[in-house]
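Q: return atomic coordinates for the entry below.
(one chain, ligands or ions: 1)
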Amino acid sequence: MKSDDIKYEPISGREFPRFSAIKTFFRLPHVPVDADYDVGLMGIPYDGGTSYRPGARFAPTAVRQASSVGRGYNWARGTHLWSSLRFADIGDCPTVPVDQKMTYERIEKFFGQLMKLNKRFVSVGGDHSTTLPVLRALHKKYGKLALIHFDAHLDTYPAAWDCEYHHGTFVRHALVEKLIDPKHTLQIGLRGPLVDENDLKVARDYKIRSTTVDDIRIGGLEKFIAGLPNFDESSKCPPTYISFDIDCLDPSCAPGTGTPVPGGLTTYETQRILRALKIQNLVGADIVEVSPPFDHAEITALAAVDTMFELMGLMVQKKLR
Ligand SMILES: [Mn+2]
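A: Numbering: from 1, shown residues only. Reported below is the predicted structural model:
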């Protein structure tokens, strides 16, 4: 098929029932990486960085399956995804299940190619160790990035078992490697417990803005949203990346995840926060730590689909500079 013949629209659920058809993200066409789309949707099936529950390697498949119920019109924004930008499923990024170093090389190469093609993307991991090589690839094109990081965990933790690159370390490495700008780094959904107070040291040393569930619940969601920093020209913000660890959600809203922490956000709260963010130039986003073997009734996969929908809505706000 010639690339101009591809219709960047999902298969109609009113013509072919949503439980039918081969599963792609949002029933969109599966196209080659160099096809003529604007925003690529892809999986990064790797969970060799998990420290507790594995299973995130199966997330791309489960989220594709659950995304059959996804639709394109964002009622809250008044925008339609499929008529605003060309979205497509570009398949999975190559990974090596038994070798993290080789996986990192493959991820960095895959996303480097996407950057050369001037593509934006929303990816589905993978555990949270997969975000670091993605940031390395983006940094080569854009320089230092702004980071909006949804998570129960700081992900600035030290090495474990002498391994530097487990799934709780990507923010620390991104700061040390100067991939992200601490002045434009925001964490949302954090909560305890921690090993000890030293776990807060990296975030304090770099003065990143680390907000907790208390910051949302005590003052209220509306006040929290009103106080969010801008990621646009008004704050001289660099290109922005969003990393959404599904464990920012409470285990009742996302039971199928690698390291669940009670006392988290609801899906409605993260929807509202995502809709409130003002981002000039969102160049990429990921959803990580969905672990289908620990999911029930697709609760977590559906939360991931809904988050993908909101992230895609943020992409629609502005065309790539
Ligand atoms: Mn994380």
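Q: could you use CA atoms for every contact and neighbour count after this?
A: Noted.
Q: so Asp155: helix, strand or coil?
A: coil (DSSP: H, G, I helix; E, B strand; the rest coil).
Q: look up how far Leu28 lies from it.
A: 33 Å (C-alpha to C-alpha, to the nearest Å).
Q: now do Ser83
A: 13 Å.
Q: spell out which residues are contacts of both of the two.
A: Shared contacts of Ser83 and Leu28 (C-alpha atoms under 8 Å, 6 or more residues apart in numbering): none.
Q: more crowded one of those two?
A: More crowded of Ser83 and Leu28, by other C-alpha atoms under 10 Å: Leu28, with 23 against 13.
Q: so which elements touch the longest strand anywhere in the chain?
A: For the chain, the strand with the greatest residue count under DSSP state E is strand 180-190. Secondary-structure packing of strand 180-190 (3 or more C-alpha pairs under 8 Å, 6 or more residues apart in numbering; DSSP states H and E): strand 145-150, helix 170-176, strand 209-212, helix 213-217.
Q: list the buried residues for the next helix or strand after that strand?
A: Counting by DSSP states H and E, the next helix or strand C-terminal to strand 180-190 is helix 201-206. Residues of helix 201-206 classed as buried by neighbour count (16 or more other C-alpha atoms under 10 Å): 202-203.
Q: so which of the helices and strands packed on strand 180-190 is the most packed in?
A: Each of those was given a mean neighbour count from mean count of other C-alpha atoms under 10 Å, and the largest, a mean of 24, is that of strand 145-150.
Q: ok, the closest residue to Arg71 other than its chain neighbours - how many residues close by?
A: In this structure, Arg71 finds its nearest non-sequential neighbour in Phe26, 7.3 Å apart by C-alpha to C-alpha, 6 or more residues apart in numbering. Close neighbours of Phe26, defined as other C-alpha under 10 Å, add up to 27.
Q: pLDDT at Ile6, what is it?
A: Ile6 is assigned a predicted lDDT (pLDDT) of 89.
Q: equivalent analysis for Arg321, please.
A: pLDDT at Arg321 comes out at 35.
Q: ditto for Ser234
A: Ser234 is given a pLDDT of 87.
Q: the helices in the stretch 1-150 of the chain, which residues?
A: Secondary structure of the stretch 1-150 of the chain (DSSP state H, counting those that start in this stretch): helices at 59-66, 81-84, 100-116, 131-142.
Q: mind listing what Gly256 touches?
A: Neighbouring residues of Gly256 by C-alpha under 8 Å, 6+ apart: 290-296, 299-300.
Q: ok, of those, which come out buried?
A: Using 16+ other C-alpha under 10 Å, the buried members of those are 290-292, 294-295, 299-300.
Q: so which of these are in helices?
A: Residues of those located in helices (DSSP state H): 299-300.
Q: please produce CSV containing the buried ones among the contacts of Gly256, extended by pLDDT.
A: Below are the buried ones among the contacts of Gly256 laid out as CSV (pLDDT from 0 to 100):
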residue, pLDDT
Val290, 98
Ser291, 98
Pro292, 98
Phe294, 98
Asp295, 98
Ile299, 98
Thr300, 98
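Q: in strands, which of the buried ones among the contacts of Gly256 fall?
A: Per DSSP E, those never map to strands.
Q: helix, strand, or coil at the most centrally placed residue in the chain?
A: Ranked by distance to the mean C-alpha position of the chain (C-alpha atoms, centre = their mean), the top residue is Asp286 at 2.0 Å. Counting by three-state DSSP, the backbone at Asp286 sits in strand.
Q: was I right to think it contacts Arg120?
A: No - using C-alpha atoms under 8 Å, Asp286 makes no contact with Arg120, being 11.2 Å away.
Q: what's the closest non-adjacent residue to Gly55?
A: Nearest one to Gly55, counting by C-alpha to C-alpha, 6+ apart, is Ser291 at 4.6 Å.
Q: measure how far stretch 305-321 is from the centre of its chain, please.
A: 11 Å (C-alpha atoms, centre = their mean, to the nearest Å).
Q: ok, and what's touching it?
A: So stretch 305-321 is in contact with 63, 66-67, 70, 72, 74, 77, 79, 81, 84-85, 120, 122, 271, 274-275, 279-283, 285, 287, going by C-alpha under 8 Å, 6+ apart.
Q: select only the buried ones of those residues in ChimeraX?
A: In ChimeraX, this line selects whichever of the contacts of stretch 305-321 come out buried by 16+ other C-alpha under 10 Å:
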select :63,66,67,70,72,81,84,85,120,122,271,274,275,279,280,281,282,283,285,287
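Q: the contacts of stretch 305-321 in strands, which ones?
A: Among the contacts of stretch 305-321, the residues falling in strands (DSSP E) are 74, 79, 120, 122, 282-283, 285, 287.
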